[in-house]
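1. Here's a sequence, model it:
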Amino acid sequence: MSNTSNTSDSQSSSNSSKGRRKEAADDEELGPMDVLRQARAQLAELTGMEAESVSSFERTEDGWSLEIEVLELVRVPDTMSLLASYEVTLDPRGELTGYRRVRRYERGRADNRKSGGR
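-> Residues are numbered from 1 along each chain as shown. This next block holds a predicted model:
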């Protein structure tokens, strides 16, 4: 009988420590790869368009800021398809706090910017 008691005590202790780890994980900030995955998934859910790539990614004082490239309109040939860049902001836990389209362009077009980002 004491074995059963010890087993249930150890399970109870194990479950409570799992609960503490989960609570601690909820309070922890996400790593960069988790943020990227969440940003892409949340933007796709809101806009109905899948992200093609992430062209900019940085940590800010308020969380994260990303620029995500999205296919908005499929055309033939593919080089004429319309893509858009979305600026996406997330809080430190990876929850999307805002987004806006900052640029729309044909896939086959290069930026008008000079080399070196100027």
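2. outside of stretch 34-49, which residues touch it?
-> For stretch 34-49, contacts defined as Cβ atoms under 8 Å, 6 or more residues apart in numbering pick out 30, 50-51, 54, 57, 64, 66, 68, 70-72, 86, 88, 90, 94-96, 99. Placement of C-beta: from N, CA and C, glycine included.
3. Buried subset of the residues you listed, written for PyMOL?
-> Typed into PyMOL, the line below selects the buried ones among the contacts of stretch 34-49, using 16 or more other Cβ atoms under 10 Å:
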select buried, resi 30+51+64+66+68+70+86+88+90+94+96+99
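4. tell me the secondary structure for the residue most central in space within the chain?
-> Geometric centre of the chain, nearest residue: A39, 2.2 Å, by Cα atoms, centre = their mean. The three-state assignment at A39 reads helix, by DSSP: H, G, I helix; E, B strand; the rest coil.
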